[in-house]
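Q: no FASTA, just this:
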């Protein structure tokens, strides 16, 4: 996660999505690097994981490296569907970074990833980033094809550690230009 967010998220006021947050394990890492002004939203399909993450958030269980309590939000829903927060669809172009660790390439099928990336194209602001993991279900080549086909530009790989078996591909959302 540190390699994926380094230099890609505004210092203040960022909106970050944790796709496949589980009980908040990856969210905890995001919060460690967060400014208190950030909005972090975790999504997971497993109700008990989301309930556990919410309990942790309410108990002040997430803090940044300075010890400041960070209060992420959690949503129980598929990440292959339109993304919601508090019963409302996430606003267009409102997200600075969407990141997934160990979900996209392992558990989603290509059509699900296509729906996810289309939704991320809607919610990520121009200049924002997505960092998605490749894996056996959606290998690097397929993930690259899906994301670039939706208008994202590959900017690199991010690995949490040197021998990580599943690379995280980092893409930037660019504004489409119209030729006249």
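A: It's in. Model, not experiment: these values are computed from the prediction.

Q: can you tell me the element residue 98 falls in?
A: strand 95-100 (DSSP states H and E).

Q: what does the helix ranked longest in the chain contact?
A: Secondary structure of the chain read by DSSP state H shows that its longest helix is helix 110-123. Helix 110-123 has contacts (CB atoms under 8 Å, 6 or more residues apart in numbering) with 17, 19, 78-83, 90-95, 98, 104, 108, 130, 132, 137-138, 142-143, 146-147, 150-152, 173. All C-beta spots, glycine's among them, are computed from the backbone N, C-alpha and C.

Q: tell me where the chain has helices.
A: Going by DSSP H, the chain shows helices at 2-5, 25-32, 47-58, 104-107, 110-123, 140-149.

Q: mean pLDDT lowest for which of those?
A: Note on those: lowest mean pLDDT is at helix 2-5, with a mean of 63.

Q: tell me the phi and psi of residue 36?
A: Backbone torsions for residue 36, taken as degrees, to the nearest 10, come to phi -60, psi -20.

Q: what's near enough to touch it?
A: By CB under 8 Å, 6+ apart, residue 36 lies in contact with 64, 68, 70.

Q: how much space separates it from residue 137?
A: Residue 36 is 36 Å from residue 137, where distance means CB to CB, to the nearest Å.

Q: can you check residue 151 too?
A: 23 Å.

Q: swap in residue 37?
A: Relative to residue 137, and taking CB to CB, residue 37 is found at 36 Å.

Q: who's more crowded, those two?
A: Using other CB atoms under 10 Å as the criterion, residue 37 and residue 137 rank with residue 137 on top: 17 against 10.

Q: ok, that one touching residue 103?
A: No. Shown here, residue 137 and residue 103 do not form a contact pair, counting by CB atoms under 8 Å, at 9.8 Å.

Q: what sits opposite residue 98 in the beta ladder?
A: Taking DSSP bridges as the rule, residue 98 bridges to residue 17, residue 130.

Q: before we move on, the earlier item: show me what the strand holding residue 98 is packed up against.
A: The contact analysis (3 or more CB pairs under 8 Å, 6 or more residues apart in numbering; DSSP states H and E) places strand 95-100 against helix 2-5, strand 15-19, helix 110-123, strand 124-133.

Q: could you look over these and pick the most buried one?
A: Among these, judged by mean count of other CB atoms under 10 Å, the one packed with the most neighbours on average is strand 15-19 (a mean of 26).
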